[in-house]
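1. I would like to see how this sequence folds:
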Amino acid sequence: MVEPEPHPFQPPLRRRRIRRRPVGWLVLSLVGAAVWAAWFLELSVAELLPSEGGAAVFAGFVARALAPALAYEADFVPPGAPPLLAAALLAAGRTALVAAAAMGLALGLGVVLGSVASSSWWAKDPAGERSLAAKLGRRCVAPALFTAARVLIALLRSVHEILWAVLLLAAVGFNELAAVVAIALPYGGTLAKVFSELLDEAPRDAAAALRGLGASRLAVVAFGVLPRALPDMLGYALYRFECALRSSAALGFFGFETLGLYLRQSFRSGHYGEVWTYLYVLIATVAVVDAWSGAVRRRLAEPRAVGRAPPHASVDQLRRGRPRDHWVRGSLWAFAAILLAPWVCGVFDFADAFTDRRAANLQRFLQQLWPFPLQGVPWDSAVAWTWVTTLWHERGAHAAGATLALSLLAVQLAAVLAVLACLPAARTLWATEPYVAGGRPPGDARRWLWWAGWALARATLLVARAVPEYVLAFFLLAVLGPSAWAVVLALALHNAGVLGRLYAEVLENAEATGARALRQLGAGRRQLAAVALGPAVLPRLMLFFFYRWETCVREATVLGMLGVVSLGYWVQDARARGEHDVTLFFVAVGAAIILVGDLLSGWARQAVRAS
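-> Numbers count the residues shown, from 1 in each chain. A predicted model of the protein is given here:
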């Protein structure tokens, strides 16, 4: 029997199976990784049941959820202390100021490193390479700067902000500048990576025209490349400011006067009403910034109508006729003012970080970073290797495996929760009559019921992602005890909030032709999600999944500082003992795991794109 010729626009069936194979292999690999992680961590379902003391803590904590304190619950309040709600708002303001100061530094670092690490800056420019010096600069200096920028970006991103805070506190002592720099360094690396990718992916039509006219390299980048990538860069910077708020709150657990400090003190004192007051203020702060940044990002992404210019229009006429959005412009000016306020208004005493005492402390810290067996003696490679291998075999190998296992199990649980939550959180799927033009009439009471379900799902996702993982793990450890389940659940709940929102937006933006056709045939919501939408959006969902896995690896590295045996546990142990060389060793191991996780995640994303 002769097989029919394939359609000229349809690829062969065998080729289609090969292209889809990576996704199937990835899913099977993830299932196997979850089984290995549960075995490695020795998890059991019985550990999910709290002890008698943990059950009492949980019951007392949940009972105050609907009755937050409006006054201090402590028996003694220092004279002159502000009211509880005022103290919570002041702490939220302090949290926002630390985040703003850090984002100001991170943006500067991200723009500089992102520009140098972008291939658009080093693109071949025949008009500007006529001299021998210019040719040598592009062939010798440019690759060195490009590589150095990429390596520096990877190193900055590979160390979590809490680990940066641990190192800076040991180096210069307690100062607000330590918190600001601890957030700014990894955020600057993340912004630089994203900015470089946005610059590389920007359309090149204007840049090619400027290059053809003989414009300089600076002019080509500034006027041909940057304007095309700027909206996405601004939108991502606003999103990172929302993340900086959560990081700033978490640093309060190390003594900085942000919301985390008051959460920890009230929870340890058993004042659960105060805890809920601080939590609600934190959630409200993140919700306001989330709504504001989300609105700005949507407006930046919307195409603007451009009026037809008159014939032979002047430059001034073209400038006045360009599309504008005054609300977006005002928001961006307000964002710039927020970032500059902590530096201009003198809110923090940053000068205290540069005293002679702190300089002497820094010098002593740098000396103690050298491996202890080699301090004060000549370098010996054999001694250094013995020191490294001993730490690795005694503590590092198991802690590294635990960190990886925690992240793998947490991100997969987060993905399952996100898939369940994104269905009611998607406007198009959770309408009264999904994918039906017009839907129910406005007076139908069912519209309000479906809208209430959608609003509840969105609010749940917002609360889950508004509370930092460190805060969630702190609460869960008090209930479940020093169990790996506390870290897994904390990571899973927070990342489920992030992934659920991203997945819901993917469903809302998905092509609706197939869903409308199935709906006309009588398909329900589950059939629409499983048959029409699921296969179409699966690659995009997998991409977001692997992006969040990178975050889970970073967070699992530091959550051990709360008492679970991962790399963070040994970082905290070495910090308490004053062993700065051991602290640096485990920070470096955590950075190496994050770099490996980034490489694996990048490979997985490429496999998903190719499928």
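
2. where does the stretch 501-611 of the chain have low pLDDT?
-> In the predicted model, the stretch 501-611 of the chain carries pLDDT under 70 at residues 605, 607-611.

3. ok, then the element right after the host helix or strand of Trp451?
-> In this structure, Trp451 is located in helix 445-466 according to DSSP states H and E. Beyond helix 445-466 in the direction of the C-terminus, DSSP H and E gives the next helix or strand as helix 469-480.

4. tell me which helix or strand in the protein has the weakest average pLDDT.
-> Least confident helix or strand, the chain: helix 315-320 with a mean of 57, by mean pLDDT, DSSP states H and E.

5. just the helices in the stretch 401-550 of the chain please.
-> The residue ranges that make up the helices of the stretch 401-550 of the chain, judged by DSSP state H, counting those that start in this stretch, are 445-466, 469-480, 484-508, 513-520, 525-527, 534-559.

6. so which of those is the most packed in?
-> Mean neighbours per residue, mean count of other C-beta atoms under 10 Å, is largest over the helices of the stretch 401-550 of the chain for helix 484-508, with a mean of 24. Every C-beta, even on glycine, is put in place using the N, C-alpha and C of the backbone.

7. what's the local residue count around the residue nearest to Leu245 when sequence neighbours are not counted?
-> Setting aside the residues directly before and after it, Leu245 is nearest to Ala99 in space (C-beta to C-beta, 6 or more residues apart in numbering), at 4.8 Å. Taking other C-beta atoms under 10 Å as the neighbour definition, Ala99 ends up with a count of 32.

8. residue contacts, Ala99?
-> Taking C-beta atoms under 8 Å, 6 or more residues apart in numbering as the contact definition, Ala99 lies against 183, 241, 244-245, 247-248.

9. same check, this time on Leu259
-> 88, 91-92, 95, 249, 252, 278, 281-282.

10. from Ala67, how far off is it?
-> 20 Å (C-beta to C-beta, to the nearest Å).

11. swap in Val582?
-> Applying C-beta to C-beta to Val582 and Ala67 gives a distance of 45 Å.

12. who's more crowded, these two?
-> Under the neighbour definition other C-beta under 10 Å, Val582 and Ala67 were set side by side, and Val582 has more, 20 against 10.

13. the residue nearest to Gly401 when sequence neighbours are not counted: neighbour count?
-> Beyond its immediate neighbours in the sequence, the residue positioned closest to Gly401 (C-beta to C-beta, 6+ apart) is Phe40, lying 5.8 Å away. Neighbours of Phe40 under the rule other C-beta under 10 Å: 17.

14. with Val596 instead?
-> Taking other C-beta under 10 Å as the neighbour definition, Val596 ends up with a count of 14.

15. same check on His580?
-> For His580, the count of nearby residues is 22 (other C-beta under 10 Å).

16. I figured it hits Val166, correct?
-> No - at 9.9 Å, His580 does not count as touching Val166 under the criterion of C-beta atoms under 8 Å.

17. tell me who's in contact with Trp430.
-> Taking C-beta under 8 Å, 6+ apart as the criterion, Trp430 is in contact with 423-424, 450, 453-454, 457, 525.

18. can you check Ala512 too?
-> Here Ala512 is in contact with 428, 435 (C-beta under 8 Å, 6+ apart).

19. now with 6 Å?
-> For Ala512, the contacting residues are Tyr435, taking C-beta atoms under 6 Å, 6 or more residues apart in numbering as the criterion.

20. so what's the backbone phi/psi at it?
-> The phi and psi values for Ala512, taken as degrees, to the nearest 10, are phi -100, psi 0.

21. from Ala532, how far off is it?
-> Separation of Ala512 from Ala532 (C-beta to C-beta) stands at 8 Å.

22. ok, now Thr277?
-> Between Thr277 and Ala532 the distance, using C-beta to C-beta, works out to 45 Å.

23. so between the two, which is more surrounded?
-> Neighbour comparison, Thr277 and Ala532: the larger count goes to Thr277, with 25 against 22 (by other C-beta under 10 Å).

24. how is the residue nearest to the more buried one when sequence neighbours are not counted assigned, secondary-structure-wise?
-> Closest residue in space to Thr277, ignoring its immediate chain neighbours: Pro68 at 4.3 Å, by C-beta to C-beta, 6+ apart. Using DSSP: H, G, I helix; E, B strand; the rest coil, the secondary structure recorded for Pro68 is coil.

25. quick one: neighbours of Pro68, just the number.
-> As a burial measure, the neighbour count of Pro68 was computed by other C-beta under 10 Å and equals 19.

26. now do the contacts for it.
-> Applying C-beta under 6 Å, 6+ apart, the residues near Pro68 are 273, 276-277, 280.

27. which of those lies closest to Leu476?
-> Top of the list for closeness to Leu476, among those and by C-beta to C-beta, is Trp276 at 16.0 Å.

28. just the element for the closest one, please.
-> Trp276 is part of helix 272-301 when elements are defined by DSSP H and E.

29. average pLDDT for that helix?
-> The predicted model assigns helix 272-301 a mean pLDDT of 87.

30. and it with helix 445-466, angle?
-> Following axes from the mean of the first three to the mean of the last three C-alpha atoms, to 10 degrees, one obtains 110 degrees for the angle between helix 272-301 and helix 445-466.

31. flag every buried residue along helix 272-301.
-> Buried residues in helix 272-301, counted by 16 or more other C-beta atoms under 10 Å: 272-279, 281-283, 285-286, 289-290, 292-294, 296-297, 300.

32. on that earlier part again, the least confident helix or strand of the chain: what's the following helix or strand?
-> Heading towards the C-terminus - elements assigned by DSSP H and E - helix 315-320 is followed by helix 326-344.

33. now the element after that following helix, going C-ward?
-> Moving toward the C-terminus from helix 326-344, the next element (DSSP H and E) is helix 356-368.
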